[in-house]
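# 3D model of this:
(4 chains)
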There are 2 protein chains.
Amino acid sequence: MPHTPIAARFASAEAAFADQLRAKGLKNTPERLEVLRTIFSRHAHFAIEDIVAEMRRRGRPASRATIYRTLSLLAEGGMIREAVRGNGYTHYEHVREHHDHLLCVHCGAVVEFVSAEIERIQDEICRRHVFTPLSHSHQINGLCARCEGRRARKASRP
Amino acid sequence: MPHTPIAARFASAEAAFADQLRAKGLKNTPERLEVLRTIFSRHAHFAIEDIVAEMRRRGRPASRATIYRTLSLLAEGGMIREAVRGNGYTHYEHVREHHDHLLCVHCGAVVEFVSAEIERIQDEICRRHVFTPLSHSHQINGLCARCEGRRARKASRP
DNA sequence: CCTGAAACTGAGACGCAATCTCAACCATGC
DNA sequence: GCATGGTTGAGATTGCGTCTCAGTTTCAGG
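Numbering: from 1, shown residues only, chains lettered A, B, ... in the order given. The predicted model follows:
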């Protein structure tokens, strides 16, 4: 196993997960480890089906129940989070530095954005409402430059 | 702040809805009108079940299918919008001035908030990405004061 | 007013993501 | 050994939301 940045993050995630499990008196099982590895080895955004498929491909299949359970644990531990809801099922993503999403409703493109200022204001709002934030989703739906251009070119209704 | 002219908005919503239906060659039925009235007569936020229950109480029951269909039409016409997703089912709300939501993941309570500053930053972000915003959802999930207190009390005796 | 084509409704079947159940299965400590 | 207590997976279950289709209603044009 080479010492790349990816491998490093990978290892620390494994360690963090192990700690979390130990702290709760839960067991560090091959299945759980494999879910973690599958997620962190490649996917930035992913749906459950991606994980199911990839684990099967790797010859380490796990049941949906186990994957859902592990995903909950990982989300609890702050290593992944629900990213985008809509269109039927939920997408997750690694937790990296925080960011939000622009979603093109026409072509489905996703652009990430970050705004420290928005984060700050959110905290302020939560304080004002005596509310303990756990997560948030901030998603702007609209048209990316290309799709907007394409639509403008077409004649629009009167 | 002036008192909201509920009756006026009500009438204009009916007219707007009628126009929308006519424009699409759809029919203005008692069921549709009743769904509109039920929504606008009281509910700021509501789930489908609220509408089902209230229409039954009023002696004008409608099937879930009809209600879902009408809700889609109203959303299309911009009179209501999906407000909060999570905890299983979707909440809708009237379209009024814009605002966003705090959702208590424990008891399901919803608090609204507005931030002109956040709106401004969003516009700025869209400009920077040459993105045409159509709608957005901004939702902070966490624990309201009451649920946080309850949890803290419980945690003190594991 | 009629009348018929087209749209609408309701009951229930269905689809589907997510959750739950439970018996068999470890891993660990005594 | 074997008892304890968490884990797994297959499949059942839940529950929101959508779809189907036969019977009903609307409304423009006669």
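
# interface residues of chain A facing chain B?
Residues of chain A lying close to chain B by Cβ under 8 Å from any Cβ of the partner chain are A:85-86, A:102, A:104-105, A:111, A:113, A:115, A:117-118, A:121-122, A:125-126, A:129-145, A:148. (C-beta placed from N, C-alpha, C; glycine too.)

# A:Asp110 and A:Leu103 touch, don't they?
Residue A:110: Val, not Asp. Yes: counting by Cβ atoms under 8 Å, A:Leu103 is a contact partner of A:Val110 at 5.7 Å.

# I'd guess A:Glu112 is in a strand, am I close?
Yes: judged by DSSP: H, G, I helix; E, B strand; the rest coil, A:Glu112 forms part of a strand.

# contacts only, for it.
A:His99, A:Asp100, A:His101, A:Leu102 (Cβ atoms under 8 Å, 6 or more residues apart in numbering or on different chains).

# over to A:Glu93?
So A:Glu93 contacts A:His43, A:Ala44, A:His45, A:Phe46, A:Ile80, A:Arg81, A:Ala83 (Cβ under 8 Å, 6+ apart).

# of those residues, just the buried ones, PyMOL syntax please.
Here is the PyMOL selection string for the buried members of the contacts of A:Glu93, based on 16 or more other Cβ atoms under 10 Å in any protein chain shown:
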select buried, chain A and resi 43+46+80+81+83
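
# thinking again about what came up before, looking at the contacts of A:Glu112, which is nearest A:Gln20?
Among those, A:His99 lies closest to A:Gln20 (Cβ to Cβ), at 23.5 Å.

# neighbours around that closest one, how many?
A:His99 has 13 neighbours, counted by other Cβ atoms under 10 Å in any protein chain shown.

# try A:Ala15
10.

# so how far is A:Arg22 from it?
11 Å (Cβ to Cβ, to the nearest Å).

# what does A:Thr29 give?
A:Thr29 sits 13 Å away from A:Arg22 when distances are taken as Cβ to Cβ.

# quick one on the thing from earlier: now, the contacts of A:Glu93 that are in helices?
Using DSSP state H, no member of the contacts of A:Glu93 sits in helices.

# pull the most distant pair out of the contacts of A:Glu93.
A:His43 and A:Arg81 (13.2 Å).

# next one: the residue nearest in space to the middle of chain A from A:Thr66, what distance?
Most central in chain A under Cα atoms, centre = their mean is A:Glu93, positioned 1.5 Å from the mean C-alpha point. A:Glu93 sits 20 Å away from A:Thr66, going by Cβ to Cβ.

# those residues of chain A touching DNA strand C, which are they?
Residues of chain A lying close to DNA strand C (Cβ under 7 Å from any atom of the strand) are A:Lys27, A:Ala47, A:Ile48, A:Arg64, A:Ala65, A:Tyr68, A:Ser72, A:Gly88, A:Tyr89, A:Thr90.

# let me know the pLDDT of the fifth one.
Just to be clear, that refers to A:Ala65. At A:Ala65, the model reports a pLDDT of 96.

# that one: how many residues sit nearby?
Using other Cβ under 10 Å: A:Ala65 sits among 8 other residues.

# for the third one, same thing?
The local packing of A:Ile48 (other Cβ under 10 Å) involves 15 other residues.

# mind listing what's buried along stretch A:133-145?
For stretch A:133-145, using 16+ other Cβ under 10 Å, the buried residues are A:Pro133, A:Leu134, A:His136, A:Ser137, A:His138, A:Gln139, A:Ile140, A:Asn141, A:Gly142, A:Leu143, A:Cys144.
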